[in-house]
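Fold the following, please.
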Amino acid sequence: MTKPYKTLDDISALCGDITGKRVLVREDLNVPMAEGAVSDDTRLRAAVPTVAELADRGAVVLVLAHFGRPKGVSSPQLSLAQVTRPFEQVLGRPVRYIDWDGAGDAVATLAPGDIALLENTRFFAGEEKNAPDVVERFAALGDLYVNDAFSAAHRAHASTEGLARALPAFAGRQMEAELDALEKALGDPEHPVAAVVGGAKVSTKLDVLRHLVARVDHLIIGGGMANTFLAARGVNVGKSLCEHELASVADGIMAAADAAGCTVHLPYDVVVAAEFRANPPVRTVNVHEVAAYEMILDVGPAAVEALGDVLKNCRTLVWNGPMGAFETPPFDAATVALARTAAALTGDGGLVSVAGGGDTVAALNQAGVADRFTFVSTAGGAFLEWMEGRELPGVAALAR
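Numbering: from 1, shown residues only. Take a look at the predicted model:
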């Protein structure tokens, strides 16, 4: 099936043999560091298939990436030089670091199959403004452009959107995998579709909720945002995190779901505590039994079991956000239990499960099931904007 965007499979037909061609590859190498070392190399590993394939095809591979938020100012602390060696180890082949000073001359010395990592794109003030002069400077180094950084695709930056307009542009393997998974999850999914949306505040996910109620059959709301919906329904949520001022908004979302035939699932039993800390005294109660001094910190076991039964009747699941305050035990129980149910159903072949967002990935890793979902996106903002139904500029620029 022809995809709506160009991939590495289209390069030969459109550009011929790429031996010796300079290919600018936008990756997301914005990895966490601890004491000078990479503490999580997930993003480095995600870049390997595209970079290795292009190098094996004889291209001169020039990797573009940002690192941190230098705001247009060079900084040794935010230099990609410190990521070059870890990336080299993950790739299993040499990677040359190239600073922006004299980049053109350095690139000219590279041979077919060589790989180089260029310095932080955000050292240019015009990168995040998609400034024409920055686009031109990047484009002068390459013959082709490959965007493999879905996580940066929601920003129209010089290295994500501008370059795709300046050079023949293609999606890398990681980008392709992300877009394929998202199409299966919400573009053209197999119904019934369930969405799990959690997190602290409704206000951060209003557009997500409004978009989803028209697309999914079951909307499962967890985390602190569930408290706002419960309060809107007249439930006394005690001292729980709750945006009481959004009661009418929550009612509007419920009404829209009702009109669209989407069932909204809110917890009916919850885990409460008088204080928010690790392993305090807790109670599991019906939502109508929360005391004035207590706060809801997780979904209760009866509700989780019922939600598991909902997933058993679904064919597709999209997940963003935890069910409770999962970073603090024992309030990870609901997230872990539901994630393990989803993973088991996925393993049995009955469910296509797609998850994304930083907290979500951390929660699935905590549950030990991240590798058992159909696809887990490492993107944060881009995944959220896609769930809101927005067009992502970095993806739109790759259209056929």
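
residues contacting Pro70?
78, 120, 122-123 (Cβ atoms under 8 Å, 6 or more residues apart in numbering). For every residue, glycine as well, the C-beta is placed using N, CA and C.

swap the cut-off to 10 Å and go again
77-79, 120-125, 127 (Cβ atoms under 10 Å, 6 or more residues apart in numbering).

Leaving out sequence neighbours, find the closest residue to it.
Using Cβ to Cβ, 6 or more residues apart in numbering and skipping residues adjacent in sequence, the residue nearest Pro70 is Leu78, 4.6 Å away.

number of nearby residues for the one you found?
Neighbours of Leu78 under the rule other Cβ atoms under 10 Å: 20.

what does Ala13 give?
Other residues close to Ala13 by other Cβ under 10 Å number 8.

The stretch 201-350 of the chain: helices as residue ranges?
Counting by DSSP state H, counting those that start in this stretch, the stretch 201-350 of the chain has helices at residues 206-212, 223-232, 247-260, 301-312, 333-347.

quick one on the thing from earlier: where does the residue nearest to Pro70 land on pLDDT?
Leu78 carries a pLDDT value of 95.

That one is in contact with Arg69, isn't it?
Yes - in this structure Leu78 lies within contact range of Arg69 using Cβ atoms under 10 Å: 7.9 Å.

how far away is Gln174 from Asp359?
For Gln174, the distance to Asp359 equals 21 Å [Cβ to Cβ, to the nearest Å].

do Leu78 as well
Counting by Cβ to Cβ - Leu78 and Asp359 are separated by 24 Å.

Glu136 now?
38 Å.

These two - which one has more neighbours?
Asp359 (18 against 14).

Confirm that that one sits in a strand.
No - under DSSP: H, G, I helix; E, B strand; the rest coil, Asp359 sits outside any strand and is assigned helix.

Apart from its neighbours in sequence, what residue is nearest it?
Closest to Asp359 by Cβ to Cβ, 6+ apart is Pro322, at 5.7 Å.

Repeat that for Gly261.
Nearest residue to Gly261, sequence neighbours excluded (Cβ to Cβ, 6+ apart): Asp217, at 7.4 Å.

May I ask you to confirm that that neighbour is in contact with Thr316?
Yes - judged on Cβ under 10 Å, Asp217 makes contact with Thr316 at a distance of 9.1 Å.

Now for the two: what residues contact both?
Shared contacts of Asp217 and Thr316, counting by Cβ under 10 Å, 6+ apart, come down to 189, 191-195.

If any of those are buried, put those into a PyMOL selection.
To isolate the buried members of those in PyMOL, using 16 or more other Cβ atoms under 10 Å:
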select buried, resi 189+192+193+194+195
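
Show me the shared contacts of Asp217 and Thr316 that map onto strands.
193-195 (DSSP state E).
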